[in-house]
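J.: generate a structure from the sequence data that follows.
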Amino acid sequence: MSVNPMAYEAQFFGFTPQTCMLRIYIAFQDYLFEMMLVVESVILKKLDGFPGCKISPFQIRKSTEKFLLFMKEHFDKLFGKMEEMLLQLVLNIPKNVLLPEDKVHEQYPYSKEQFQALQDEISQLQQQYRAEASAGQALRAELEEQKAVQAELEKILQWFDGLENICREHGIGNFKESFVFLAQNSKKLQDVLKDVEEKSKKIKKRDQL
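T.: As a prediction, the model looks like this:
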């Protein structure tokens, strides 16, 4: 078998020429083996018609194997010549022939240096794309964080709106006055709580006595 990969031929045919030759070889070989089995069975039937024949089936099998080996050796030599001829004259694409899908290379030829420059440019563009994708992901994360902060601010504004409504209900329209009002009420609540705690302690002491 040829060791030449014949990649261009494989592109055209859809299979490698070596694969084609291997399948032909296997098909011929299988046919040869089957033919020898048929010949052997015919000989055995013929010998059954001669009762005095001293040739055993084992001897027939040994003779068949020797003849098969002889045929295979000659077949391999002939097939080698046939393979060489087919690979050179039939399954080979001449060097000056260009496949239709490769016509673009003829119209727009590139040197190795130009091709390498294109590869470098592609690699640079890929790096830029990755950097932009990463930056975009960071921006999306920041937007999500801003949405969360905005939601919290809206809650605070709603709380202030509710607070302002409460102050208006109590006749306090100025926002500064509202805070003063809240602070005074908070102080009153603290005093009441302290008074309740002191009375609770006194009651506990009396109960202990």
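J.: could you count how many residues lie near residue 83?
T.: 20 (other C-beta atoms under 10 Å). C-beta coordinates here come from the backbone N, C-alpha and C atoms, glycine included.
J.: what about it, helix or strand, and which?
T.: According to DSSP states H and E, residue 83 maps onto helix 57-89.
J.: elements contacting that helix?
T.: Secondary-structure packing of helix 57-89 (3 or more C-beta pairs under 8 Å, 6 or more residues apart in numbering; DSSP states H and E): helix 17-48.
J.: the helix it packs on vs helix 57-89, what angle?
T.: Angle, helix 17-48 to helix 57-89, by axes from the mean of the first three to the mean of the last three C-alpha atoms, to 10 degrees: 150 degrees.
J.: the chain - how does it break down into domains?
T.: As assigned by the TED database, the chain contains the domains 7-107, 139-172, 174-204.
J.: now distance to residue 126 and mean pLDDT too, for the ones you listed, in TSV please.
T.: Shown next, in TSV, are these (distance: least, C-beta to C-beta, whole Å; pLDDT from 0 to 100):
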stretch	distance to residue 126	mean pLDDT
domain 7-107	23	84
domain 139-172	20	75
domain 174-204	57	67
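J.: who wins for proximity to residue 123 among the ones you listed?
T.: Across the domains of the chain, residue 123 has its closest neighbour in domain 7-107 (21.7 Å, C-beta to C-beta).
J.: what separates the closest one from the chain centre, distance-wise?
T.: Distance of domain 7-107 from the chain centroid (C-alpha atoms, centre = their mean, to the nearest Å) equals 41 Å.
J.: ok, back up a step: give the buried residues for the helix holding residue 83.
T.: Neighbour-count burial for helix 57-89 flags 60, 64, 68, 75, 79, 83, 87 (criterion: 16 or more other C-beta atoms under 10 Å).
J.: okay, these in JSON lines with distance to residue 157 next?
T.: Below are those laid out as JSON lines (distance: C-beta to C-beta, whole Å):
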{"residue": "60", "distance to residue 157": "107"}
{"residue": "64", "distance to residue 157": "102"}
{"residue": "68", "distance to residue 157": "98"}
{"residue": "75", "distance to residue 157": "95"}
{"residue": "79", "distance to residue 157": "91"}
{"residue": "83", "distance to residue 157": "87"}
{"residue": "87", "distance to residue 157": "84"}
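J.: nearest to residue 22, of the residues you listed?
T.: Taking C-beta to C-beta as the measure, residue 22 sits nearest to residue 83 out of the buried residues of helix 57-89, at 9.4 Å.
J.: verify the stated contact: that closest one with residue 20.
T.: No - using C-beta atoms under 8 Å, residue 83 is not in contact with residue 20, being 9.8 Å away.
J.: no further queries at this time; thank you.
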